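*Asks:* just coords:
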């Protein structure tokens, strides 16, 4: 069991969503399953009003035997594994978890097919998932094998000690070699799948805006293919894509966000490095996700950069970001 001391007056579901870095719909599942106690009393009302000084206790839900929804006919490379954490190199065109609109095997299905024991804080459909990647985005994704690790990693997402560095191929270079974008994301009125990045002055009280902050650096430039790196301070859906679109830059292949170039490819975005503190040892671990073949070939063909190039080394990327963040 885990306990949390309440430091502000909030609804129970809102406070737990903040603590656990989960959606309120996922938190409601915990509450409905009598897994949440307030001051040692089971509380099954999402709207229960917490007071400063209350003690929340989270019981461990029993592990159910989960089954895959669809046949799994693909494999995923394991980059790091121990008793608590798994880091995978997610291929492009793979959905991370199931939903009513998903009619194919997902990354969670692969995990279940491989008989991994997974955390269940995020519910059955998102078993083990600490964070997500878009379907077309490839690269490093962290999986929690138990609820203790899941909570420990979720807290790092909140305090920014868990980090992710992405590589992207875009159509035009950034106007500035180093830039931070701090723009909230709202759902597009024209396309519900799409997000729009807005300055604070453009927001209204009716908008369900979510704060989002990203840092970008130019790495290698050419006339129609440019390599950049991105570092996230928040992890919103389509964050990198929407932030770039707001400054008229587009990831190759990202037609949803306005790419109109000549490269016929998937969205060329790859989560290249993740780093986190291990829940048991507190050691900071860096994990590199090798580039997928399509990204690697385009990078070598257009920019003459191989994966062993110093430009995309961990030392260089951290040095560049640390110089202005």
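*Replies:* Structure's in. What do you need? Just so it is clear, the structure is predicted and the values come from calculations on it, not from any experiment.
*Asks:* Could you say which helix or strand holds residue 286?
*Replies:* Assigned by DSSP states H and E, residue 286 belongs to strand 284-288.
*Asks:* For that strand, list every residue counted as buried.
*Replies:* If you call a residue buried by 16 or more other Cβ atoms under 10 Å, then strand 284-288 has these buried ones: 287, 288. (Glycine included, C-beta is placed from N, CA and C.)
*Asks:* In its sheet, which strands sit next to that strand, and in what direction?
*Replies:* strand 269-277 (antiparallel) (DSSP bridges).
*Asks:* Give me the average confidence score over the partner strand.
*Replies:* Averaging pLDDT along strand 269-277 yields 97.
*Asks:* ok, now stretch 53-63?
*Replies:* 79.
*Asks:* Off-centre distance for stretch 39-58?
*Replies:* Per Cα atoms, centre = their mean, to the nearest Å, the displacement of stretch 39-58 from the mean C-alpha position of its chain is 28 Å.
*Asks:* What is the burial count for residue 134?
*Replies:* Close neighbours of residue 134, defined as other Cβ atoms under 10 Å, add up to 19.
*Asks:* again with residue 6
*Replies:* Residues near residue 6, counting by other Cβ under 10 Å: 18.
*Asks:* which secondary structure elements does the helix ranked longest in the chain contact?
*Replies:* The residue-count maximum for a helix in the chain (DSSP state H) belongs to helix 147-159. With contacts taken as 3 or more Cβ pairs under 8 Å, 6 or more residues apart in numbering; DSSP states H and E, helix 147-159 sits against strand 2-5, helix 12-20, strand 138-144, strand 269-277.
*Asks:* Of all the ones you listed, which one comes closest to residue 160?
*Replies:* Distance to residue 160, taken as Cβ to Cβ, is lowest for strand 269-277 among those, at 11.0 Å.
*Asks:* Compute the inter-axis angle for the closest one and helix 147-159.
*Replies:* Note on geometry: by axes from the mean of the first three to the mean of the last three Cα atoms, to 10 degrees, strand 269-277 and helix 147-159 are set 110 degrees apart in direction.
*Asks:* in strand 269-277, what counts as buried?
*Replies:* 269, 270, 271, 272, 273, 274, 275, 276, 277.
*Asks:* centre of the chain versus the longest helix of the chain, how much separation?
*Replies:* Computed by Cα atoms, centre = their mean, the chain-centroid distance of helix 147-159 equals 13 Å.
*Asks:* Can you name the next helix or strand after that helix?
*Replies:* Downstream of helix 147-159 (by DSSP H and E), the next one is strand 163-170.
*Asks:* Test my guess that residue 238 contacts residue 194.
*Replies:* Yes: between residue 238 and residue 194 there is a contact at 7.2 Å, judged by Cβ atoms under 8 Å.
*Asks:* more neighbours, those two?
*Replies:* More crowded of residue 238 and residue 194, by other Cβ under 10 Å: residue 238, with 22 against 17.
*Asks:* Need the nearest residue in space to that one, chain neighbours excluded.
*Replies:* Using Cβ to Cβ, 6 or more residues apart in numbering and skipping residues adjacent in sequence, the residue nearest residue 238 is residue 195, 4.5 Å away.
*Asks:* who does the one you found bridge with?
*Replies:* residue 187.
*Asks:* what about the helices in the stretch 51-200 of the chain?
*Replies:* Secondary structure of the stretch 51-200 of the chain (DSSP state H, counting those that start in this stretch): helices at 107-113, 147-159.
*Asks:* tilt between the lowest-mean-pLDDT helix or strand in the chain and helix 12-20?
*Replies:* Least confident helix or strand, the chain: helix 24-32 with a mean of 79, by mean pLDDT, DSSP states H and E. Angle of helix 24-32 versus helix 12-20, following the same axes, to 10 degrees, is 110 degrees.
*Asks:* picking up where we left off before, so which of the helices and strands packed on helix 147-159 comes closest to residue 121?
*Replies:* That would be helix 12-20 among the helices and strands packed on helix 147-159, by Cβ to Cβ, at 6.1 Å.
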